[in-house]
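Could you look at this predicted model? Sequence included:
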Amino acid sequence: MDKVMRLASENGLVLFSKSSCCLCYAVKILFQEIWVTPTVHELDEDPEGREMERALLSLGCSPSVPAVFIGGKLLGSTQEVMSLHLGGGLIPLLKPYHSMLN
């Protein structure tokens, strides 16, 4: 869990993903469309990916990916990200971390 929390807090917007996950792809496209670039950690391409996946599950991510962190805090998965965006709350959360949104 320490590695997940360290990686999550190293950048303003962090996405834990799997390269074959269609929901992860949808979240990546959303961020691309609003002109933000998350730091992406592909768990299926990381030797410690299984351990990180277990840590994400223990943090309450179900399913484990996609898992989005903003400012080192867990935002959630696809449902939370999309709901927040549709409600107008995602971009204000991202503004402190991405100058293009200001």
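Sure thing, it's come through.

quick one: buried residues of the lengthiest helix in the chain?
Counting by DSSP state H, the longest helix found in the chain is helix 22-33. By neighbour count with 16 or more other C-beta atoms under 10 Å, helix 22-33 contains the buried residues Leu23, Cys24, Val27, Lys28, Leu30, Phe31. For every residue, glycine as well, the C-beta is placed using N, CA and C.

before we move on, what about stretch 44-52?
Buried residues in stretch 44-52 (16+ other C-beta under 10 Å): Gly49, Met52.

which residues touch Leu74?
Applying C-beta atoms under 8 Å, 6 or more residues apart in numbering, one finds that Leu74 lies in contact with Ala8, Leu59, Gly60, Cys61, Ala67, Val68.

Next, report how far the helix or strand hosting it is displaced from the centre of its chain.
According to DSSP states H and E, Leu74 maps onto strand 73-76. Relative to its chain's centre, strand 73-76 lies at 7 Å (C-alpha atoms, centre = their mean, to the nearest Å).

after that strand comes which helix or strand?
Counting by DSSP H and E, the next helix or strand C-terminal to strand 73-76 is helix 78-86.

now what about that next one, what contacts it?
Contact with helix 78-86 is made by Leu23, Ala26, Val27, Leu30, Ile34, Pro66, Val68, Leu75, Leu90, Ile91, Leu93, as judged by C-beta under 8 Å, 6+ apart.

Stretch 53-61 too?
Residues outside stretch 53-61 that contact it (C-beta under 8 Å, 6+ apart): Met1, Lys3, Val4, Phe16, Leu43, Ser64, Val65, Ala67, Leu74, Gly76, Ser77.

sec struct for the third one, please.
The one in question is Val4. State at Val4, reduced to three classes by DSSP: H, G, I helix; E, B strand; the rest coil: helix.
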